[in-house]
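> test case, fold it:
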Amino acid sequence: MPRLFILRRLPPPANDAPFLSSTIMSATSSRLGHYLWRRKVLFETTFAINALEPWEKMIFFSVLSLLLFLLFRGFCRIFPSQLFVVQQRAAYYLWGNDTTDRELRYHVGSGAVKDL
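Numbering: from 1, shown residues only. Modelled structure (predicted):
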């Protein structure tokens with residue numbers, strides 16, 4: 001118990017580090033701002049980004065942005081062509097034979113199946 005008493009009597013820390021003002025959330029911020037700040041801190045601490053230098057952060061986020069862009073671009077280019085394959089596999093699993101597009105339109109309806 002004496003240890004808590006010693007900690008309570010310590011003076012408050014001085015705000016002599018202006019570079020920390022961007023990372024410390026002020027009490028007057030909105031709830032949305034506080035939520036976004038907490039998500040930012042969670043992301044930075046999960047991947048240990050807060051331990052990097054600013055130039056290392058820039059490289060990290062550049063590589064991450066490039067990888068996410070390539071993933072999104074590949075998804076947008078490959079996914080539409082894969083829909084046709086998924087459509088044929090689903091028809092095979094549902095009706096048990098290799099159905100043509102005409103038979104699939106008969107079972108599903110002409111408005112639901114579009115030509116890819």
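
> let me know the helix or strand that H34 is in.
Using DSSP states H and E, H34 sits within helix 31-46.

> moving C-terminal of that helix, what's the next helix or strand?
helix 54-95.

> that next one vs helix 31-46, what angle?
100 degrees (axes from the mean of the first three to the mean of the last three Cα atoms, to 10 degrees).

> list the helices and strands helix 54-95 packs on?
Contacting helix 54-95 under the criterion 3 or more Cβ pairs under 8 Å, 6 or more residues apart in numbering; DSSP states H and E are the following elements: helix 101-108. Quick note: C-beta positions are derived from backbone N, CA and C, even for glycine.

> keeping just the C-alphas, turn stretch 88-99 into PDB.
Extracted as PDB, the C-alpha positions of stretch 88-99 are listed here (Å, rounded to 0.1, in the frame of the first residue of the first chain):
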ATOM      1  CA  GLN A  88     -21.200 -23.600 -64.000                       C
ATOM      2  CA  ARG A  89     -19.900 -25.400 -60.900                       C
ATOM      3  CA  ALA A  90     -23.000 -24.400 -58.900                       C
ATOM      4  CA  ALA A  91     -25.300 -25.600 -61.700                       C
ATOM      5  CA  TYR A  92     -23.400 -28.900 -61.700                       C
ATOM      6  CA  TYR A  93     -23.800 -29.300 -57.900                       C
ATOM      7  CA  LEU A  94     -27.400 -28.400 -58.000                       C
ATOM      8  CA  TRP A  95     -28.700 -30.300 -61.000                       C
ATOM      9  CA  GLY A  96     -26.100 -33.000 -61.300                       C
ATOM     10  CA  ASN A  97     -25.100 -32.600 -65.000                       C
ATOM     11  CA  ASP A  98     -23.200 -30.200 -67.100                       C
ATOM     12  CA  THR A  99     -25.800 -27.600 -67.900                       C
END
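
> follow-up on the earlier one: what pLDDT, on average, does the helix holding H34 get?
Across helix 31-46, pLDDT averages out at 87.

> just the CA trace of it, in CSV.
Taking C-alpha atoms only, helix 31-46 is exported to CSV below (Å, rounded to 0.1, in the frame of the first residue of the first chain):
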residue,chain,number,x,y,z
ARG,A,31,-16.3,10.3,-30.2
LEU,A,32,-15.5,9.5,-33.9
GLY,A,33,-12.1,11.1,-33.6
HIS,A,34,-11.4,9.2,-30.5
TYR,A,35,-12.5,5.9,-32.1
LEU,A,36,-10.3,6.5,-35.2
TRP,A,37,-7.4,7.5,-33.0
ARG,A,38,-7.8,4.2,-31.0
ARG,A,39,-7.9,2.2,-34.2
LYS,A,40,-4.7,3.9,-35.4
VAL,A,41,-2.9,3.2,-32.2
LEU,A,42,-4.2,-0.4,-32.3
PHE,A,43,-2.9,-0.8,-35.8
GLU,A,44,0.5,0.8,-35.0
THR,A,45,1.1,-1.3,-31.9
THR,A,46,-0.1,-4.6,-33.5
